[in-house]
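Novice: Just a sequence and a predicted model for now, questions to come.
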Amino acid sequence: MKLPYAVDDDRAAVTAVGHEINRPDPARWQAMTTDDERLRQTHRALGLLIKQVEVSFLQRKADLCAVEGTYKDRQRATVEYEEWKSRTIHFLNLARERRSSLTRRVRLLNETHVIGDLRTALQTLVRAVTDHRDAIRCGSRNETTADRMLWLQLDLLHHTAQEDHPPDRPAPCAHRRP
């Protein structure tokens, strides 16, 4: 099912998620939660929707307290508020349940993203240390104890063998100093 809003349109997503809670459609829910970006968007939209409902509770309560008029007017306003409150609490509970059901998957996606970022940073560091080692060994400067300690740490990394000389990098100079 194709959703009628873009992945970067959270305002439309909030409206669609609210509609989904009121009139559930398994195909629409699946479309909202299958793709990683849609899953994140739906999770965000549910959070925004929950906040909107919580704010509306405060506003409606303030409106009820501000009702002036006869006793009958206040009673009618109280009955209307209680009916609205009952429906809205039900809606809010459904929204919270839906969001809770997605939280673990979103957390895993975010952790995977962080792990990928860390892996990329580590690979960049490995390349930099390897370049440093190759430059020292091919150049005129003598290796220092700090250089050798740094290179030892590089050799201890699991990714060293893969990253030492990737295909797109030239091999270090053939001349090695003792």
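Specialist: It's in. Numbering: from 1, shown residues only.

Novice: Do you know the pLDDT at the residue nearest the centre of the chain?
Specialist: Nearest to the geometric centre of the chain sits Asn110, at 4.8 Å (CA atoms, centre = their mean). For Asn110, the pLDDT comes out at 76.

Novice: what about it, which SS state?
Specialist: Under DSSP: H, G, I helix; E, B strand; the rest coil, the three-state class of Asn110 is helix.

Novice: Can you tell me the SS state at Tyr5?
Specialist: Quick answer, by three-state DSSP: Tyr5 is coil.

Novice: pLDDT score for it?
Specialist: Per-residue confidence (pLDDT) for Tyr5: 95.

Novice: residues contacting Asp46?
Specialist: Rather than Asp, residue 46 is Leu. Contacts for Leu46 (CB atoms under 8 Å, 6 or more residues apart in numbering) come out as Val17, Ala95, Arg98, Arg99, Leu102. Where C-beta positions appear, they are placed from N, C-alpha and C, glycine not excepted.

Novice: repeat that for 7 Å
Specialist: Val17, Ala95, Arg98, Arg99 (CB atoms under 7 Å, 6 or more residues apart in numbering).

Novice: Separate out the buried members of the residues you listed.
Specialist: Val17, Ala95, Arg98, Arg99 (16 or more other CB atoms under 10 Å).

Novice: Let me have those in a markdown table, extended by pLDDT, secondary structure and distance to Pro24.
Specialist: As requested, those are exported to a markdown table (pLDDT from 0 to 100; DSSP: H, G, I helix; E, B strand; the rest coil; distance: CB to CB, whole Å):
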| residue | pLDDT | secondary structure | distance to Pro24 |
| --- | --- | --- | --- |
| Val17 | 97 | helix | 11 |
| Ala95 | 97 | helix | 12 |
| Arg98 | 97 | helix | 10 |
| Arg99 | 97 | helix | 15 |
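
Novice: List just the nearest of the residues you listed to Pro4.
Specialist: Val17 (12.6 Å; CB to CB).

Novice: Find the residue closest to that closest one in space, skipping its chain neighbours.
Specialist: Excluding its sequence neighbours, the residue lying closest to Val17 (CB to CB, 6 or more residues apart in numbering) is Ala45, at 4.4 Å.
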